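*Asks:* quick check, what structure comes out for this input:
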Amino acid sequence: MLDDRAKLLLKALVERYIADGQPVGSRTLSRASGLELSPATIRNVMADLEELGLIASPHTSAGRIPTARGYRLFVDTMLTVQRDPLTPPQLAPEQPQKVIANAAHLLSNLSQFVGVVMAPRRTSVFRHIEFLRLSERRLLVIIVSPEGDVQNRVIFTEVDYSQSQLIEAANFLNAHYAGLAMEQVREKLKSEVDMLRGEIASLMQAAVNISSEALSEAQDEVVISGERNLLAVSDFSSDMGNLRRAFDLFEQKTQILRLLDISSQAEGVRIYIGGESQVVPFEELSIVSAPYEVDGRVVGTLGVIGPTRMPYDRMIQIVDITSKLVSNALSYRK
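*Replies:* Numbers count the residues shown, from 1 in each chain. Model prediction:
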């Protein structure tokens with residue numbers, strides 16, 4: 001266990017390192033902590049902290065920097081979130097995809113790091129379907145999900161349908177199958193195909209197949225904004241290897257998805273420190289995340305990805321407020 005003096009010095013060291021990115025020496029630490037301690041005493045405490053794996057000495061520098069373990073102790077027991085007046089613009093209640101994109105952009109702008117938002121989880125259920133004749137044997141299928149998402153797909157058909165036939169098919173699907181998952185619709189159509197005219201039945205099957213694809217493509221989507229902000233962070237701009245690994249992470253998205261999925265099972269804001277587990281494999285990156293809700297039910301997660309040396313107190317505020325804004329925008333009913 002750390003005594004109060006060691007805790008105070010560790011807190012001062014982490015805050016100083018977050019502020020200027022330079023290894024912290026005993027003299028700087030003495031001034032930052034406000035403690036009347038001799039340099040020798042401070043060096044002894046720093047040696048103890050290093051032995052505990054909370055700080056480390058990079059290269060031959062005389063100063064110390066926090067380790068993943070040191071950051072974890074800091075954010076869990078020493079962090080005080082200042083409730084500064086943070087007044088981000090409201091997120092307008094629009095289509096879910098637009099809300100998600102706007103939220104990622106907002107997180108990126110406020111944090112000056114990378115904003116990530118996992119699109120809401122949902123089943124491939126449709127609320128409404130329409131067909132629009134574009135040209136001979138070429139149709140536009142418009143699918144509206146229960147959440148208000150609109151997906152458009154162009155399909156080519158073997159038969160040239162009139163607009164009245166398209167309206168007839170859409171009315172049948174909306175009257176009999178709206179609110180069902182596409183898999184259920186597909187099964188029901190197989191059993192009811194005899195009561196439908198052949199060409200209409202084949203149109204419906206094609207529509208169900210394309211709609212199922214469209215709705216599933218919208219699943220588990222991660223929207224990322226502000227990757228270029230990392231170019232302004234010295235931890236990355238001075239090390240192309242770090243930068244490349246970070247951009248690989250954003251490009252693959254699967255690891256981010258897994259992380260956001262874990263976050264959605266937790267309540268409130270969570271902090272994942274780079275390098276402390278396989279969850280965030282890179283020591284240089286940390287993630288501050290929070291789940292968001294629709295009508296009181298958790299449906300997704302959002303967060304900020306930035307350098308491990310980030311101002312966690314401000315990031316917590318930004319992520320917390322944005323998750324509430326997204327929840328309000330997606331739950332809004334006219």
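*Asks:* looks to me like residue 315 is in a helix.
*Replies:* Yes - according to DSSP: H, G, I helix; E, B strand; the rest coil, residue 315 belongs to a helix.
*Asks:* so where do the strands sit in the stretch 51-200 of the chain?
*Replies:* 55-56, 65-66, 114-118, 128-135, 138-144, 150-156 (DSSP state E, counting those that start in this stretch).
*Asks:* helices and strands around the third one, which ones?
*Replies:* To tie it back to what came earlier, the one meant is strand 114-118. helix 96-111, strand 222-225, helix 254-263, strand 297-307 (3 or more C-beta pairs under 8 Å, 6 or more residues apart in numbering; DSSP states H and E). Just so you know, the C-beta spots here come from the backbone N, C-alpha and C atoms, and that holds for glycine as well.
*Asks:* which one of those is the most hemmed in?
*Replies:* strand 297-307 (a mean of 25; mean count of other C-beta atoms under 10 Å).
*Asks:* in its sheet, what does that strand sit against?
*Replies:* Next to strand 297-307 in the sheet, as set by DSSP bridges, lie strand 114-118 (antiparallel), strand 285-294 (antiparallel).
*Asks:* of all the ones you listed, which lies closest to residue 257?
*Replies:* In terms of C-beta to C-beta, the element of the strands paired with strand 297-307 nearest to residue 257 is strand 114-118, at 6.7 Å.
*Asks:* this structure - how does it break down into domains?
*Replies:* 4-78, 96-119+221-330, 125-200 (the TED database).
*Asks:* winner for burial among those domains?
*Replies:* domain 96-119+221-330 (a mean of 19).
*Asks:* ends of it, what's the gap?
*Replies:* Separation of the first and last residues of domain 96-119+221-330 by C-alpha to C-alpha, to the nearest Å is 7 Å.
*Asks:* swap in stretch 86-99?
*Replies:* 20 Å.
*Asks:* what about the helices in the protein?
*Replies:* Ranges of helices in the chain, per DSSP state H, are 4-20, 26-33, 39-51, 68-73, 96-111, 163-177, 182-192, 198-217, 234-237, 240-252, 254-263, 312-331.
*Asks:* who's in contact with the residue nearest to residue 167 when sequence neighbours are not counted?
*Replies:* Nearest non-adjacent residue to residue 167, counting by C-beta to C-beta, 6 or more residues apart in numbering: residue 131, 7.5 Å away. When contacts are counted by C-beta atoms under 8 Å, 6 or more residues apart in numbering, residue 131 touches 139, 140, 141, 142, 161, 166, 167, 169, 170, 203, 207.
*Asks:* how does it look with 7 Å?
*Replies:* Residues in contact with residue 131 (C-beta atoms under 7 Å, 6 or more residues apart in numbering) are 139, 141, 166, 169, 170.
*Asks:* tell me which of these is nearest to residue 27?
*Replies:* For the contacts of residue 131, the nearest to residue 27 is residue 141 (69.6 Å; C-beta to C-beta).
*Asks:* beta partners of that closest one?
*Replies:* With DSSP bridges as the rule, residue 141 is bridged to residue 131, residue 153.
*Asks:* wait, isn't residue 100 in contact with residue 115?
*Replies:* No - Residue 100 lies out of contact with residue 115 (C-beta atoms under 7 Å); the separation is 10.4 Å.
*Asks:* point out where the protein drops to low pLDDT.
*Replies:* 60-61, 82-85, 121-124, 147, 192-201, 211-220, 264, 277-279, 281, 333-334 (pLDDT under 70).
*Asks:* the helices of the chain: which one's closest to residue 227?
*Replies:* Across the helices of the chain, closest to residue 227 is helix 240-252 (C-beta to C-beta), at 5.3 Å.
*Asks:* ok so, going back, looking at the helices and strands packed on strand 114-118, which is nearest to residue 273?
*Replies:* strand 297-307 (11.3 Å).
*Asks:* can I get that closest one in PDB, CA atoms only?
*Replies:* Output of strand 297-307 as PDB, limited to C-alpha atoms (Å, rounded to 0.1, in the frame of the first residue of the first chain):
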ATOM      1  CA  ARG A 297     -32.200   0.200 -23.200                       C
ATOM      2  CA  VAL A 298     -28.400   0.100 -23.800                       C
ATOM      3  CA  VAL A 299     -27.900  -0.300 -27.600                       C
ATOM      4  CA  GLY A 300     -24.400   0.800 -28.300                       C
ATOM      5  CA  THR A 301     -21.200   2.400 -27.000                       C
ATOM      6  CA  LEU A 302     -19.100   5.500 -27.900                       C
ATOM      7  CA  GLY A 303     -15.800   6.800 -26.800                       C
ATOM      8  CA  VAL A 304     -12.600   8.700 -27.300                       C
ATOM      9  CA  ILE A 305      -9.300   7.000 -28.300                       C
ATOM     10  CA  GLY A 306      -6.200   9.000 -27.600                       C
ATOM     11  CA  PRO A 307      -2.700   8.900 -26.200                       C
END
